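Undergrad: Need a 3D model of the sequence below.
(4 chains)
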Amino acid sequence: MQFIKGLFFLLIFPGLSFQVVCGLAFEWIDRKLLARFQRRVGPPWYQPLADLIKLFSKEDIMPEGAYDLVETLLPLISLSAVLTAGLYIPIAGFTPFSFEGDLIVIQFLMSVPTLAYYLAGIASVGIYSLLGGGRSLLQFFSYEVPLLITISGPAVMAGSWSIAEISRSQLDQGPFIVFQPLGFILAVVGLIGKLKRDPLDIPSASSEVVGGSLTEFTGAKLGFWHLVMNIQAVVGIFLLANLYLGWSNITSPLPAIGIFVLECLAVVVVLSATSAVFARLRIDQLAGIGWKILVPLSLLQLGFVILMGV
Amino acid sequence: MKVMRRRFSLLNAIFDAVMARPDTVGYPFGELELPEGYRGAIVIDADKCTGCGLCVRDCPADALRLEKKSRDEFRLIHYPARCAYCGQCEDSCQRGAIGHSNALVGATARPRELIVVLKEKNIDD
Amino acid sequence: MNKITIPIGPHHPLLKEPLSMKIDIAGERVLGASLRLGYVHRGIEKLALERTYVQDVHLIERICGICSHVHTTTFCLAVEALLGIEVPPRAQYIRALMCELERVHSHLLWLGILAKHVGLETVFMHTWHDRELALDIMEGVSGGRVSHAANQIGGVRFDLSEEQEAMIRENVEKLKTQVGGVLDVIENEPALRARTQGVAPVSVELIKDYCVVGPVARASGVDIDLRRDDPWPPYDQLDFKVITLPDGDAWARTLIRALETRESLRLCETIMHKMPDGPVTVRAPRKVPEGEVVTRSEAPRGEVVYYLRSNGSDKPARLKVRTPTLAVLSLLPEQLSAIHVADIPVVLAGIDLCIACADR
Amino acid sequence: MVNEINFDTVIAAIEDEIGCDCEPYGGMINEEALRIPVDHLQSVIRVLRDQFGCYHLSTITAQERENQPGEVELIYHFWQGKGISLMISVPLESPQVESILSLISGADFYEREVAELYGVTFTGREETPPLLLPDNWDLGPPFIRREETDE
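TA: Predicted structure coming up:
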């Protein structure tokens, strides 16, 4: 019985199919919103699914001299990492697997795809892939440090490293976004950097490095990579919703789900708006901003939280 | 307020964009309205055409061909795929027999649609 | 750092038309570049010798996809000079109107592409959305969005009816407000300015040494504009401002196109205001008497030069076309040295390449 | 405003510079043309640029005239307010012209184009890959008129 329940959790609810559906839904909402910002109609609801099916049916070619095994394993490893990260995140208060310290585990699992992206760049021996891979590492350091510092803000306020505990503690203290607005903004910037979305899509800027590390990927491998990107985004949004907007576990399940969906939609709107408004910085400008502005700000935010807590 | 509006002009632009109706049309389901002066498919007024060949001479894309046995035995052929839809034949024709309709010319896979006999007068080799 | 050579090859998301460049970089800095054209070379100058003048007008229109009207106008001016015929004023005004509308749509097209390469997809969509209005005017009037087939030897092939003129005035007004909004965004967008300011500056000496023309020259302070210096009618009766900017970097090249778009729209208004009545064409004989002529006009990218020699028959004896992009392209390897890899798109989009023009 | 140049003073300046008399060619509309001997090209361009500030080379037209068989004619179109052209002609068998790249770097693409399409060799500049023609082009300069030998 326990085995079947575990299987259900793994494969159906917080596990594979739920996250894939959420990933596709996120991509559709994001593209539709972006289209509306640009006075376009935008794709039909089934477009992300159609893209995925198309990619999986496409021929899978590999540049000569590329490391074939590594190329196939990388997307699968990052997919499994992101899926397991999704298991620990409470969805509208429902947390089957949460334990003390799962925030740190999630942070680690969420950065596995970025490193896999770098390795993919090195493995597929192409000029643009090498450039893209190098840039993704450069960008990794400039947003990861501020992200980790700001994420630990809510943990310090709630006095625990378990996300479920953090979101439940917002019941009495009120949502952390009110106390740490700067933290929320930095977390959003960190998430955009991690997802390599528009303002910080330097590793995959089509006009400079064509496709970045994914230039040589085709067919099912590219399909998996898109899936990884989408699910990583969904997990990131759930994380932000839980850490900063705590209303979702106030009352009984039904309204909690409604509120949780609204919170996630709000974060999606913020993500789309930033991708529509901001231009792509040069990699050296980003590194400069990363160390000169983001890190001090996040330290300031953390210091403020610690002082307020004591 | 002016500085604010100019400072976040892009933010205002996307806000207005969301409010305004999107201007793209769901291809291929949306309707396509072409201006009346649009140079579309070639049409001919058969009884006005006397087979003089002025249009064939002036066609820059070599899309018109005249097979002429004698004054009254000729056949005028048009190749839609080769035509550049520039309207020169319409100008060169003294009798206003040939011209453009407003119909959009789509691609076709059927070879017989690529050779259109515009006018045939008692010639049948 | 080891030196790698990036091929910005014929097929690259950065290029709208095939042009092959070998850029040697060390780390993130660009050392130099070599250029290779000819992918779209159709030998139009040779083709033109096998067609009559009437057919050549349509052939010349296909040299460039964006500025086709300026090419046919210059060619027709050359033939009309050889024939010694006088084009009626109304036809001249309609030609000028189409030239200015084409300048508006060409500049908007490239401002959008530059914004897209800098990451501002939204600005790209908005600029191209507003550009549609200029294309609608041209399509409504001439029947073609881009290759309008507006010109013929001796004048223009269509006349503006009463409601067409009203439509143009109203759409130009609408275009001014809409484009004003987008140009405000481009001029005030801090991110666009951050990515282009101080990038690949071009000095006046370089402009003069490489004989560069058009907005790229005006962005470096060189005050040349054929519409004012060597005008064909009606530009001599129209007053307009020639805009020059001092510093000549990528930001100046962007700003100058935005300002020129506004100036061209004002010019469209004055043209519509001063549009005389009368015939739109005059009968031109098919055979052109023997002679040679050189005509120049201001295309959206700069000075376009036509040399035409006729030998009395109805086919030209020699036609030489020099498009502005060829002059600007010779400056490209010079500009590319000592910039970041990430700045390549900004520099490339900044000089508004039209490869089909350069290759002919 | 770009200053207008009086063409007669230009001819006078050129004549006392290179000594020989070069007669203006009246046949070109909209343009003041001047026929000059091949070997004086560089000095004439230097005169135009230094004394008249006429630096802008629009283009180089190469052509074969029916009434001058066996010769390739090159026209250097300058522009300063109005057009000024320098016309030189070189024998068809071995067309040799001194490159003006050292004077005007903008002439690079024009010279390479003429070299490819008309087979004129420009001395004094290093060999460059073809500009417009494909790399494997072995049919000789395409624009030179020759009897229709297409197979």
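Undergrad: Where does the prediction get shaky in chain B?
TA: B:1-8, B:125 (pLDDT under 70).
Undergrad: Kindly report the residues of it close to chain A.
TA: With C-beta under 8 Å from any C-beta of the partner chain as the criterion, chain B meets chain A at residues B:10-11, B:14, B:17-18, B:20, B:22-26. C-beta coordinates here come from the backbone N, C-alpha and C atoms, glycine included.
Undergrad: Can you read off the pLDDT for C:Pro201?
TA: Confidence at C:Pro201, expressed as pLDDT, is 88.
Undergrad: Skipping adjacent residues, who's closest to it in space?
TA: Distance criterion C-beta to C-beta, 6 or more residues apart in numbering or on different chains; nearest residue to C:Pro201, sequence neighbours excluded, is C:Asp249 at 4.3 Å.
Undergrad: Wait, that neighbour touches C:Arg195, no?
TA: No: proximity of C:Asp249 to C:Arg195 does not meet the contact threshold set by C-beta atoms under 8 Å, at 11.2 Å.
Undergrad: Point out where chain A drops to low pLDDT.
TA: Screening chain A residue by residue with the criterion pLDDT under 70, one finds the ranges A:248-253, A:310.
Undergrad: Residue of it nearest chain B, please.
TA: Of all residues in chain A, A:Phe37 sits closest to chain B, with a separation of 4.1 Å (C-beta to the nearest C-beta).
Undergrad: And that residue, how close does it get to chain D?
TA: As defined by C-beta to the nearest C-beta, to the nearest Å, A:Phe37 lies at a distance of 42 Å from chain D.
Undergrad: wait, what's in contact with that residue?
TA: For A:Phe37, the contacting residues are A:272-273, A:276, B:14, B:17-18, C:122, by C-beta atoms under 8 Å, 6 or more residues apart in numbering or on different chains.
Undergrad: Between all of those residues, which two are separated the most?
TA: Taking C-beta to C-beta as the measure, the contacts of A:Phe37 reach their widest spread between A:Ser272 and B:Ala17, a distance of 12.4 Å.
Undergrad: Close to chain C: what parts of the stretch 101-250 of chain A are there?
TA: Contact residues of the stretch 101-250 of chain A with respect to chain C, defined by C-beta under 8 Å from any C-beta, are listed as A:127, A:131, A:198-199, A:201-202, A:205-208, A:210.
Undergrad: for chain A, what spans make up the helices?
TA: When assigned using DSSP state H, the helices of chain A occupy the ranges A:2-11, A:16-37, A:47-57, A:68-87, A:102-123, A:127-158, A:163-173, A:176-179, A:181-195, A:206-209, A:219-244, A:253-277, A:283-289, A:295-309.
Undergrad: who wins for proximity to D:Leu57 among these?
TA: It is, among the helices of chain A and with distance given as C-beta to C-beta, helix A:206-209, at 33.1 Å.
Undergrad: Give me the contacts around the closest one.
TA: Identification of contacts with helix A:206-209 by C-beta under 8 Å, 6+ apart yields A:128, A:131-132, A:135, A:202-203, A:215, C:13-14, C:116-117, C:341-342, C:344-345.
Undergrad: What's the nearest residue in the stretch 51-200 of chain C when you look at chain D?
TA: Distance from chain D to each residue of the stretch 51-200 of chain C (C-beta to the nearest C-beta) is smallest for C:Ala81, at 5.1 Å.
Undergrad: ok, for that residue, nearest residue in space, not its chain neighbours?
TA: On the basis of C-beta to C-beta, 6+ apart, the spatially nearest residue to C:Ala81 that is not a chain neighbour turns out to be C:Val293, at 4.6 Å.
Undergrad: where's that neighbour, which helix or strand?
TA: The secondary structure element spanning C:Val293 is strand C:291-299 (assigned by DSSP states H and E).
Undergrad: Could you show which parts of chain A are in contact with chain B?
TA: A:35-42, A:273, A:276-277.
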